Each structure stands twice: as C-alpha cells, then as structure tokens.
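**Q** I would like the atomic coordinates for the input below:
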Amino acid sequence: MAVTKKQFNTLEELFDFYNLNLFDGQLPPCLVNLSRHKGAHGFFAAERWREGDNGAVVHEISLNPDTMTRPPRAWQSTLVHEMVHLWEFVNGTASRQAYHNKIWAKKMEDIGLMPSDTGAPGGRTTGQKMTHYIIEGGRFAHAFDQVGEIASLKLPYNPTPVSDPEKAKKKAANKVKYECGCGCVWGKAGLSLHCNDCEEDFVAADPGPATEQLVAEFGATLPCAEPVMPPIKGDHVSPNPNKRNHMDLFTEEQKEELIRNGGPDWTRDDHVPVAKLYIPGTQCVWLVTELKPNDPNNALALFVDDGMTMYSRIDLQKLCDEVPEYYHGRTLCLDPDFNATNPISDFRHAAMTLGYIIDDPDDLSLYMRHQKTFQYKT
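**A** Numbering: from 1, shown residues only. Got it, this is the predicted structure:
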C-alpha cells in the first residue's frame, strides 16, 4: 500500500474508532488531515470541503505533525479534543470567534478530557485559548487502552523531531511567570521587576508539581492553544442570496460618529473603535473606526482572524455581499454589546500579540498597562 494511503487510512480509522466509542457514532464524516500550525497541536476547520460540485459540505480536523512526537496517548487526545469542536459545531452550540464555552467544556469532561487553560489541574475550563489534560480512568483513557489492541489503529509513520528535545526542554524550563498584586508577566529566570501600577515587586511564581508533570508527559512540547479555524472562502461553498445593505449594520448614532471620525481629509487618527462586526461561528472580526464622509461605503477597520491582523480600508458593501456566499449562508453581524474605551492602536497591539480581540475594556487596559509600565529594578 502507498505511504500516503496507509498513513491517512489509519487517521480516518482512529477518527471512526473514537466517534463510535466516545460520541456514539453521531459525528458526521470528517477529513482528518496533517498540517503544521505554529502554536497549536491541532485545529478544527468547519465547512472547508465539499463533495464534488454540489455535494455535502465536509469539515476538517488537522493535526500538527511537529507535535505528534508526543506519546500517542497525548496526540490522540488532541484528535478527540478537536472532535468535540466538531460535535459542538454540528449541534449548533459553538460560540462565535471560537470561544470555548461551558457546553464544550462539559462535553470534554464527559468523554474524559478535562479542559484547562494551563493544561494542568486548577486551570480555567472556558476561554479563548484552551487545552486539556487526560482524566485518568475516564472514557478517553479507557478507549485509548483499547487502541493498543487493534493493529490497524497504530500509526505506520511517526514524525521525526524538528529540534533537540533536551535543548527545547531546557528552554521551556527557563521561562518563568512573575506575579504582582494586579497581574503577571513572563520572562527568563532571575529577573528583578517592579510594577508601576500596584507599586509591588514582581515575584517568580512557584511552577509546582503540575508543570513538572507536564514536562514529564509531553517532553519538550508543552500543551499549547488549539484554535478552531473558521470556514474560508472558495468554490466549495454555494452562493446564498441572503445579503444586506452595509448601512443597515450600524445604529444611527454609530453612523454619525463613524462619519465624524472620517473627517474631511480622511485622516488616520487613533480613534476609539465605534462598532464591532463579526461572522457567527468564525474568528473573523472587524473593529470599525471611520467612514469616509463622501463615500460611507469606504470604511477603515481593524481585521483580525486566527492570528492575522490588518488595519486598512474595506469595501463594506462588498463585504456584506460576499460573506453569505463564502461562509455558507452566514451574514455579517453587529455586536450590540461592544463598547470600547481604548484607541484602536491598543486593540491592534493586543491582537498582533495574542491573535484575537480583547473585548472587555478593563482587561484590555490592564493588558496594555503591563505591556508598557513594568520596569527593571536596578
């Protein structure tokens, strides 16, 4: 059998095995792929494929081969983690912008994976960037034990390490979390830092036994965030007539403020964003700051999607027309709860660092203060 066929047949059989044993066979067929994605063990991408020209839409789960040097138990738990995202998407409970919500967290725990933003006990179970750890004696642990007894479920080809594991482990161990009275920062070991906000010194946090357990289990590759990838535009999605006028997106007050921000000379002042637009079920977000007074279709907006950040002009009507066509009938929506107080430069700075928008004004202000105000002690 050809190399590619053997490898991908095994991945598909693993998907079918866990679908039957953990999801009662309720998940639809899914394309299981291998794809390198920096900072992630894997990801779920909804509606990325279509059978033939007009057939059924197919979802994708992709595993990062660079982190499949972990023990099979660890990388197969990543496969099941992404299968929970698939389960939530087909059941219509997925949050917009790939937020890991309480329904997702409960399903993870039900099948034997405990969600945790740290990858260890005690971490938050919901949030934007999440990973998990395996519940000993849980359903996944029991199912994985059965995998070893089925020869066809053993991956025939294993990736070779991309770097020296001992060197990578030493580098990971040198990264220290420092805490003050109002937040935390990360840096190399041995730093002496002071926070100008709370006037307290930063203190190196005790890594505790949880971190040692992670290093022992995962080696050089510590758990990292596993994003949910949105559908992308392409011929695999059918056109949809569900379109809207771009000016219907905003309230009258927002229209007036956006046009006022545009000014007569279309300048790029550091305005506070007035409106937040998004596509439900994806990570696509636009923070709109200005409309050109003599052409309100011409907007200035910060676009963020899965780590990509761009502040530029957009054609609002074209965007409204194309979203339903490229995103399987979805429409561009206005977030009625968005109420910004920070300038667009702060949102852009945070998005370029974190890969997503910080909605809460207090959280964004705290993040920016810690980026700008901590200093080295002499």
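
**Q** quick one: Asp269 from Pro361, how far?
**A** 19 Å (CB to CB, to the nearest Å). For glycine as for every other residue, the C-beta is placed from the backbone atoms N, C-alpha and C.

**Q** neighbour-wise, which of the two wins?
**A** Pro361 (15 against 11; other CB atoms under 10 Å).

**Q** give me the phi and psi for that one.
**A** With angles defined as degrees, to the nearest 10, Pro361 sits at phi -60, psi -40.

**Q** list the contacts of it.
**A** Counting by CB atoms under 8 Å, 6 or more residues apart in numbering, Pro361 touches 339-342.

**Q** including pLDDT, could those residues go into JSON lines?
**A** JSON lines is the format used below for those (pLDDT from 0 to 100):
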{"residue": "Asn339", "pLDDT": "90"}
{"residue": "Ala340", "pLDDT": "92"}
{"residue": "Thr341", "pLDDT": "91"}
{"residue": "Asn342", "pLDDT": "91"}
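
**Q** which one of those sits closest to Ser312?
**A** For the contacts of Pro361, the closest approach to Ser312 (CB to CB) belongs to Ala340, at 18.7 Å.

**Q** circling back to that earlier point, in JSON lines: the contacts of Pro361, plus distance to Trp104.
**A** Formatted as JSON lines, those follow (distance: CB to CB, whole Å):
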{"residue": "Asn339", "distance to Trp104": "26"}
{"residue": "Ala340", "distance to Trp104": "27"}
{"residue": "Thr341", "distance to Trp104": "30"}
{"residue": "Asn342", "distance to Trp104": "29"}
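
**Q** buried only: go through these for me.
**A** By neighbour count, with 16 or more other CB atoms under 10 Å, the contacts of Pro361 hold 340, 342 as buried.

**Q** now do the strand or helix carrying Lys255: which elements does it pack against?
**A** Lys255 is part of helix 252-262 when elements are defined by DSSP states H and E. With contacts taken as 3 or more CB pairs under 8 Å, 6 or more residues apart in numbering; DSSP states H and E, helix 252-262 sits against strand 285-292, strand 295-305.

**Q** if we go to 10 Å?
**A** strand 275-278, strand 285-292, strand 295-305 (3 or more CB pairs under 10 Å, 6 or more residues apart in numbering; DSSP states H and E).

**Q** what's the least confident stretch among those strands?
**A** The minimum mean pLDDT among those belongs to strand 295-305 (a mean of 86).

**Q** and that one, how far from the chain's centre?
**A** Remark: strand 295-305 is offset 23 Å from the chain centroid, using CA atoms, centre = their mean, to the nearest Å.

**Q** what about the nearest residue in space to Gln146 that is not next to it in sequence, how many neighbours?
**A** Using CB to CB, 6 or more residues apart in numbering and skipping the chain neighbours, the partner closest in space to Gln146 is Asn21 (7.4 Å). Using other CB under 10 Å, Asn21 has 18 other residues around it.

**Q** also Asn33?
**A** Count around Asn33 with other CB under 10 Å applied: 16.

**Q** which residues does it form a beta bridge with?
**A** Beta-bridge pairing for Asn33 (DSSP bridges): Ser62.

**Q** residues in contact with it?
**A** 8, 11, 42-43, 45, 48-49, 60-63 (CB atoms under 10 Å, 6 or more residues apart in numbering).

**Q** are any of these buried, and which?
**A** 11, 42-43, 45, 48-49, 60-63.

**Q** reformat those as CSV; add distance to Ala204 and pLDDT.
**A** Converted to CSV, the buried ones among the contacts of Asn33 look like this (distance: CB to CB, whole Å; pLDDT from 0 to 100):
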residue, distance to Ala204, pLDDT
Leu11, 41, 94
Gly42, 32, 89
Phe43, 33, 89
Ala45, 39, 87
Arg48, 43, 86
Trp49, 47, 89
Glu60, 41, 93
Ile61, 38, 94
Ser62, 36, 93
Leu63, 34, 94
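
**Q** which single one of these is nearest to Cys333?
**A** Using CB to CB as the measure, the one of the buried ones among the contacts of Asn33 that approaches Cys333 most closely is Ala45, at 20.7 Å.

**Q** distance of Asp335 relative to Val288?
**A** Relative to Val288, and taking CB to CB, Asp335 is found at 11 Å.

**Q** if we can go back for a sec, pick out the most distant pair among the contacts of Pro361.
**A** Asn339 and Asn342 (10.9 Å).

**Q** so what sits against both of these two?
**A** 272, 361.

**Q** can I get the CA coordinates of stretch 300-319 in CSV?
**A** Provided in CSV are the C-alpha atoms of stretch 300-319 (Å, rounded to 0.1, in the frame of the first residue of the first chain):
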residue,chain,number,x,y,z
LEU,A,300,-11.4,52.0,8.0
ALA,A,301,-11.3,48.9,10.2
LEU,A,302,-9.0,46.5,12.1
PHE,A,303,-9.5,43.0,10.8
VAL,A,304,-8.5,40.0,13.0
ASP,A,305,-8.8,36.3,12.0
ASP,A,306,-6.9,33.5,13.6
GLY,A,307,-3.8,35.5,14.4
MET,A,308,-3.9,37.6,11.2
THR,A,309,-4.2,41.3,12.0
MET,A,310,-4.7,44.1,9.4
TYR,A,311,-5.7,47.8,9.8
SER,A,312,-6.9,49.0,6.4
ARG,A,313,-9.8,50.3,4.3
ILE,A,314,-12.6,47.9,3.4
ASP,A,315,-15.5,48.0,1.0
LEU,A,316,-18.4,47.4,3.3
GLN,A,317,-21.0,46.6,0.7
LYS,A,318,-18.7,44.1,-1.0
LEU,A,319,-18.1,42.5,2.4
